[in-house]
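Student: how does the following fold in three dimensions:
(one chain, ligands or ions: 1)
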Amino acid sequence: MKTTLFGAWKACLRLLESSFNEVAFYLVRKLLWRFRRPRYFILLGPPGSGKGTLATKLAPALRVRAMSTGDVFRREKAEQTSFGLQVAAHLANGTLVPDSLTLAVVRRELTRPRFWFGAMEDGFPRTEEQAIQFDLLLARWGVCVERVVLLDVDDDDLIVRLSNRRTCTNKACGRTYNLKYGPPVKAGICDVCSAAVAQRDDDTPEVVAARLRTYRVETKPLCNYYQDRKVLDSFHPTGDMTAQEVFVLVKTALQG
Ligand code: ADP
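Tutor: The predicted structure follows:
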């Protein structure tokens, strides 16, 4: 009984928050965007290509915030929201969350204050339908996607990166490590918040294989979509390139 009441109270608070954000975001669009234009960037790449780490580093350099749809879905799942319950099975199997659900979540996230002046999208869009709908949404707001970068990493590299990937279990931190290229200073402990560092549920070999298949079928074709719009830059980061070298290359491309 207590748990149900608590759940209903939290759902109410979430509704209030999103209604407030909607109104505030409308005012920001109408009043503030003429002084500071929002900027929307997209990082495309297979699972394990380093999009997440790069997005977190690039976002402050471009004065936007990084948004990872995977992180948003994991948070919703952990909080057992109605979205979370609907996406749980997709996260576990490595299949894509349906487009309508993904777009609703992204739209809602974009109205949050942290994204009022733009976003560096990591993991969105992942289907042509998502890309089309995202363009339509931005067009309704009078803006558009500024640049898209593809990190085209070879499959052999991806398997090594994903099997060595470890993530901070503290959802508020979520820092990722690579046991080979950038392990935490103290094994198993996050450098930032001291929480435990563990392998993500969907970084197991079977789910990784499913995510790579999904990427090839659903997401890779998006490159043509953005190439046609002349906003795409592709990079092929090889194992001998440092993270800093990749960062500088991608940042230069995004700055145009
Ligand atoms: P990765 O890029 O390494 O696969 P993410 O954290 O970006 O990991 O995504 C984890 C999971 O979240 C995906 O396997 C998929 O189920 C779901 N997901 C994330 N972004 C999207 C999206 N844009 N559309 C549909 N599903 C998504």
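
Student: what helices and strands are in contact with the longest helix belonging to the chain?
Tutor: What stands out as the longest helix in the chain, according to DSSP state H, is helix 2-27. Helices and strands touching helix 2-27, by 3 or more Cβ pairs under 8 Å, 6 or more residues apart in numbering; DSSP states H and E, are helix 99-110. Using the backbone N, CA and C atoms, a C-beta is placed for each residue, glycine as well.

Student: contacts for the helix it packs on?
Tutor: Residues from elsewhere that reach helix 99-110 (Cβ atoms under 8 Å, 6 or more residues apart in numbering): 18, 21, 25, 67, 69, 72-73, 76, 83, 86-87, 96, 115, 119, 121, 124, 126-127, 129-130, 133-134, 137.

Student: are any of those buried, and which?
Tutor: 21, 25, 67, 69, 72-73, 76, 83, 87, 96, 115, 119, 121, 124, 126-127, 130, 133-134 (16 or more other Cβ atoms under 10 Å).

Student: the residues you listed in helices, which ones?
Tutor: For those, membership in helices holds for Asn21, Phe25, Thr69, Val72, Phe73, Glu76, Phe83, Val87, Gln130, Gln133, Phe134, with DSSP H as the criterion.

Student: hmm, back to that, now do the longest helix of the chain against helix 99-110, angle only.
Tutor: Put simply, helix 2-27 runs at 70 degrees to helix 99-110, going by axes from the mean of the first three to the mean of the last three Cα atoms, to 10 degrees.

Student: state the distance from the residue of the stretch 1-150 of the chain found nearest the ligand to Ala55.
Tutor: Relative to the ligand, the nearest point of the stretch 1-150 of the chain is Gly70 (1.9 Å; Cβ to the nearest ligand atom). Plainly put, Gly70 is 11 Å away from Ala55 if you go by Cβ to Cβ, to the nearest Å.

Student: also Leu254?
Tutor: Taking Cβ to Cβ as the measure, Leu254 falls 11 Å from Ala55.

Student: list the contacts of the residue nearest to the spatial centre of the chain.
Tutor: The residue lying closest to the centre of the chain (Cα atoms, centre = their mean) is Ser68, at 1.8 Å. Counting by Cβ under 8 Å, 6+ apart, Ser68 touches Gly52, Ala55, Asp122, Gly123.

Student: spell out which residues of the stretch 101-250 of the chain are next to the ligand.
Tutor: Thr102, Gly123, Phe124, Pro125, Arg126, Gln130, Asp202, Arg211 (Cβ under 6 Å from any ligand atom).

Student: in this structure the fourth one contacts Asp135, no?
Tutor: No. Between Pro125 and Asp135 there is no contact, the gap being 9.1 Å when judged by Cβ atoms under 8 Å.

Student: quick one: the strands in the stretch 101-250 of the chain?
Tutor: For the stretch 101-250 of the chain, strands defined by DSSP state E, counting those that start in this stretch occupy the ranges 118-122, 145-151, 165-168, 176-178, 197-198, 232-235.
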